[in-house]
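>>> Task: produce atomic coordinates for the following.
(2 chains)
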Amino acid sequence: MQSIFKSTYRNFVRKPVTNLINLGGLAISLALVIILSVYSYSELTTDNYHKNGDRLYLLGNSIGPMHMPAVLKDQIDLNIPEVESAVRLADSWEAPVFQAGEHEPISSDLVFADADFFKLFNYQAIEGNLENALKDPLTIVLTKPLAEKLFGKELALGKTVKMNNDKELVVSAVIDELHANTCLKFSAITSVATRKTVEPNGEEFTDWGWCNFHLFILLKAGTSPDETVKKIAALFPKKQEDQQDYSQLKLNSFEKVYFSRLSPFGSDYLRSGDKKKIMILLMVAALVMVIALVNFINISSSQWMEQIRQTGVLKVIGADKGSILKKVLSEAFLLFLMSLFLAIMIVQLLFPYVSNCTGIHFNSHLLFSPSFLTISIAGTFILSLVLSIIPALRISSSKALDNLKKTVENGASTSIFRGVLVTTQFVIAIVLIAFTVLVQKQVNFGSSNLGFNQENIIGIKLTPQLNLKKDVLKKLLQEKPNVSQISYTQYYPGKTISHWTTNQGGGAEKKQFNFDTFNADASFFGMTGLQLTQGRFFSDDLTTDRNKMVVNETFVHEHKLENPIGTKLVMGFGPDAGLSEIIGVTKDFHYKSVNQPIGSLIIQNQTFSSYALVCLNTKDFNSLQSTIRDIKMVTANLSPSFPVEISFFDQAIENMYQSELQFRRTFSLFAGCAIVICCLGILAMSLFACQRRIKEIGIRKVNGARVSEVLAMLNRDFVKWVAIAFVIATPIAYYAMNKWLESFAYKTELSWWIFALAGLLALGIALLTVSWQSWKAATKNPVEALRYE
Amino acid sequence: MIHLNNIDKYYDSKFQRTFVLKAVNLEVKEGEFLSIMGPSGSGKSTLLNIIGLLDAPSAGEYSLYEKSVLNLKEKAKVDYHRNFMGFIFQAYHLIEEMTVYENIETPLIYKGVKSRDRQAMVADLLDRFNMVAKKDLFPQQLSGGQQQLVGIARAIIGKPKLLLADEPTGNLQSVQGEMIMETLKTLNDEGMTIIHVTHNEKFAGYGKRIIRLEDGIIRKDEKKV
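Coordinates of the predicted model:
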């Protein structure tokens, strides 16, 4: 065994270039495979670590979770004994601001939950006791990262945090950082009782019509979810059933919630995963692996051929078949093992960066779990065995004399076989390049065809203090240079948009309307450049415009309004409810991500707003900077207790495409790796080819061939392979791209230049790599080449 | 010891049969030093390979110590290579990734000799060939003659009865060639049977018996007195 280590090492040192290529290619691809398989494993086992996970359900319908009225829980507790516990969960309407003592105030997300929350879900307490942590009103449980931000290194337990510069909450426990693979994402959690105090919200705790909570249900062991859900559906009062159809209610197994499609107006704390994306990534990782394995086959088989005489010698001096077989196989395994460890090191080193730019995220302790190490070592063993068993058998069972004369046919070394392998590599590389270009094109398309202006707009998130002084803020901002317009609105790219259901008013026949809605003032339309198709926009002068609305074209089509102008709808709830009139129709624009179809939209003219949009009329960097400084100063003065978030409108739009951007970066990373490994492969191939043909080159040159002719001869094969690869790759890429684009509501088109670009890029890279070696071989003195043999 | 009876070796191509060896009869006794002479393509190497069990004759009989060694199983052949015969090649065929020491040691590993015994045996041989100082060098760092000495050491470390040398001096300058031949002669004097293929009349003269091959036929068989 020791001798195998030694000979592998010496062989490595003797041929550093080819061996490094082999090792490096394998290590890079293994690193990718490791990252992706651990990530996929992590994603696919999301939320499977809760003790009661098999009895835990989330109430919704067959599509996903739905919001439920708060009273439903009380009724379930009273009437359905099969339910061990029902827990309501909701997030705060806006991210609150917390302040501990005299520390900096911090804006963070917050969820409200019933006391049994920690009975349903398993979390690790660092400070305090979770059992009673959510019993009392005005208590809060912090996650470790937030506790550290708020209190630094001090103990948080028992201390108070001030919420929104108003109510004081007592820290009742601190829990460890959440798992990466969970669909529940929050930084702080407080009791539902607290919600009544800090965020009172109409009749939500008494009225069946207020649906603001997700309801998690823990069934008693042995209870059928289908039976129970029927009983739950029966709890709804008759009147309520008319408004919404509750016959389709379903208890969705909590462990599967992550991959169910969440309702489009889902909450931020409920994250969802995308199985399709994981599958695509896994497939791509497999493809990159294939490229690296092809390199291994090509390089190793060439090396074995070089060493074949040595095997002959070993046989003559008494080696039997078994020991040769063992030697070849264990050398291959050793190479795989080395690249595995190198890969793990690469992952360790680069994962933070990769995670940052691709959004791929998992707990790194998974990398050193015994099961991962066992599986990966066993995997590399099997891979190395499968890939080298055939050449190893051939080498070991051939006759010693044939080995000495180098007349063994390796199979893997024939040029056709190699051609097929290299072509396969390039097919994969070209498909990946083309796909990367397409993903990029789709992202560009998404953010540039939204139907409204996004340049030069700054968004100021209105804190409670700013909201009270909107008029003052407007006046102060307008005095600043470079500020041209100010608009108050509820709309901001990437933020949740309300979804309402209401009825037509004014005595007409009862007709239901579903739509997204937000408030905006008159200047919103001018600033965003929305285009009117019918009627008019709001005007500021008319206070009578308060109850007027502007709808989009989709609203008109979807609800089949022949005369939209003048149509009156019941808007608002309870005492606020009143009739509002449609006064204008605007052209459709992508107020949501382009991945979703444009919905029906009503823009209301109510006063409540959450953002101030400031339009600047300068493009000069310095004056832009100073204006932003001014704005910051003004807002900081008006909102001393709440930090003010200021962001660029266009960046907020880009952030809506975070997952596409990450997908693009992921893909670029893969394609990059694939191309690098491909290059390494053909570099090694050209090295071997030049070595093998060194005599031929010498003879040709002695007989009068020019350097250019030799170069052409050496490069011809590679160009041929890339050309064949291009022909094969184009339809594959075309199909895959079409398939991928299907999932987008608005998609960019496939242009021929994507394929041309991918093909030319592959060809260029191949030629560059190969020519490096060919040039060296072609310019060598032929006498030198012919001297040896 | 070696008994070749009517050995033929031929290759069939489409229209004709090409003979490399034709009706070769040869007997070699223990302790002989046999030189095989002949021009290129006369079948010298083929004959040596057949004797060394690396190649099989197309027809004829071959026995070692009255035991036929045709159609031997793979395992039996490996046994002969481990225990009965050693090889020396024109191109030395040392293993480039191994040091001098390891090259010489390898046959003993295959033979299953214990590590401690191996050390003693290799040390003895290194001592005898005056190569102790070079034991940690790699073959590329040695001169041709030294490489061939290592080749000889590797061939005889397993104490074979028969040493087969295929033009051992072919790549060497004459002074180094003579040194190699002297070494072989000493080994023969100690009782080892040696069969030696060469082009070189002078080196052939080291043998006690010279066979001259031409077109696969033994033309002459002369014994020196």
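>>> per-residue confidence for the residue of chain B most remote from its centre?
Distance from the C-alpha centroid of chain B peaks at residue B:15, with 34.5 Å (Cα atoms, centre = their mean). On pLDDT, residue B:15 comes in at 83.
>>> So it, which state does it fall into?
Of the three states, residue B:15 takes coil under DSSP: H, G, I helix; E, B strand; the rest coil.
>>> all strands of chain B, in order?
B:2-12, B:17-28, B:33-37, B:59-64, B:67-68, B:85-88, B:162-166, B:193-198, B:209-214, B:217-223 (DSSP state E).
>>> Report the buried residues of the last one.
By neighbour count with 16 or more other Cβ atoms under 10 Å in any protein chain shown, strand B:217-223 contains the buried residues residue B:218. C-betas here are computed from N, CA, C, even on glycine.
>>> What mean pLDDT does stretch A:366-377 get?
88.
>>> Where does pLDDT dip in chain A?
A:1-2, A:239-246, A:261-267, A:407-414, A:447, A:505-510, A:541-543, A:573-576, A:785, A:787-789 (pLDDT under 70).
>>> Skip the chain neighbours and tell me the closest residue to the most centrally placed residue in chain B.
In chain B, the residue lying closest to the centroid (Cα atoms, centre = their mean) is residue B:164, at 1.5 Å. Counting by Cβ to Cβ, 6 or more residues apart in numbering or on different chains, residue B:164 lies nearest to residue B:52, which is 4.8 Å off, once chain neighbours are set aside.
>>> ditto for residue B:106
Residue B:106's closest residue in space is residue A:317 (Cβ to Cβ, 6+ apart), at 6.3 Å.
>>> which residues sit against stretch B:63-73?
The set of residues external to stretch B:63-73 that reach it, using Cβ atoms under 8 Å, 6 or more residues apart in numbering or on different chains, is B:1, B:2, B:3, B:5, B:53, B:56, B:57, B:61, B:62, B:80, B:84.
>>> Tell me who's in contact with the residue nearest to the second one when sequence neighbours are not counted.
It stands for residue B:2. Spatially, and ignoring its direct neighbours in sequence, residue B:2 is nearest to residue B:28 (4.0 Å; Cβ to Cβ, 6+ apart). For residue B:28, the contacting residues are B:1, B:2, B:34, B:193, B:195, by Cβ under 8 Å, 6+ apart.
>>> Residue A:293: which of these is nearest?
residue B:195 (47.5 Å; Cβ to Cβ).
>>> For burial, what's the neighbour tally of residue 95?
I'll assume chain A. Each residue near residue A:95 was counted by other Cβ atoms under 10 Å in any protein chain shown, and the total is 16.
>>> Switch to chain B, please.
Neighbours of residue B:95 (other Cβ under 10 Å): 21.
>>> Wait, it touches residue B:101, no?
No. Residue B:95 lies out of contact with residue B:101 (Cβ atoms under 8 Å); the separation is 11.8 Å.
>>> Can you report phi and psi for the closest residue to chain B within the stretch 551-700 of chain A?
Nearest residue of the stretch 551-700 of chain A to chain B, counting by Cβ to the nearest Cβ: residue A:691, 15.6 Å away. Dihedral angles of residue A:691 (phi, psi; degrees, to the nearest 10) stand at phi -70, psi -40.
>>> now do the one 4 residues further on
Reported as degrees, to the nearest 10, the phi and psi values for residue A:695 are phi -70, psi -40.
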